[in-house]
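> Curious how this folds, go ahead:
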Amino acid sequence: MTFSLTSPVTGAPQTGFTSPTYTLTADTPPNANSKQWVVSALGGTQTGVTTHTIASPFSVAVFRPQNYQVLGQPNPTTGVLAKVPTNTFKSVVRKGVTPLAGQAIKPMIVTLMIEEPAGADTADPSNVRAAISLAVGAYWQQSSGLGDTVIQGTLG
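All right, here's what the predicted structure looks like:
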């Protein structure tokens, strides 16, 4: 895989955080079609944030399809593809969070999933890249707003 995080990762802006950074250490991935890192150190001001432990995970993993899907042949009469399969790429961040003071830590899961129609990587790579660029840019731009929405429950 060409996806390779460089440590430390600069975190996106969040309310109450100042210049957050995350030092990553390579970890054993869940399967052969993935890579995984754990957060071994924090930088900046992130009061109350903890690094990775068994009891309170803080990790990021990326997955590629186990078997890539390819396009079949178009219908010889109509020229239409009967089925366009999808290749799914996924990134998962796990972070142990406390649901209530004194309670056991539970993992919070943040998933980014890309469902790319087979063949688009070859036939339309510019628009595939544009979709990813907008998605990542929108999340980066609205990182603090997304955090506020998840904490406050409003989209306001």
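
> Break down the chain into its helices, ranges please.
120-123, 125-141, 143-152 (DSSP state H).

> Residue 96 is nearest to which of those helices?
Smallest distance to residue 96 across those (CB to CB): 16.0 Å, for helix 143-152. C-beta here means a position set from N, CA and C on the backbone, and glycine is covered the same way.

> Just the mean pLDDT for the closest one, thanks.
The pLDDT scores in helix 143-152 average 91.

> quick one: buried residues of it?
143, 146-148 (16 or more other CB atoms under 10 Å).

> Can you tell me what sits against that helix?
With contacts defined as CB atoms under 8 Å, 6 or more residues apart in numbering, helix 143-152 is touched by 12-15, 139, 154-155.

> In the protein, where is pLDDT below threshold?
Along the chain, the model assigns pLDDT under 70 to residues 1.

> now the strands for it?
9-10, 18-27, 34-45, 58-63, 86-97, 106-117 (DSSP state E).

> Buried deepest among these, which one?
strand 58-63 (a mean of 20; mean count of other CB atoms under 10 Å).
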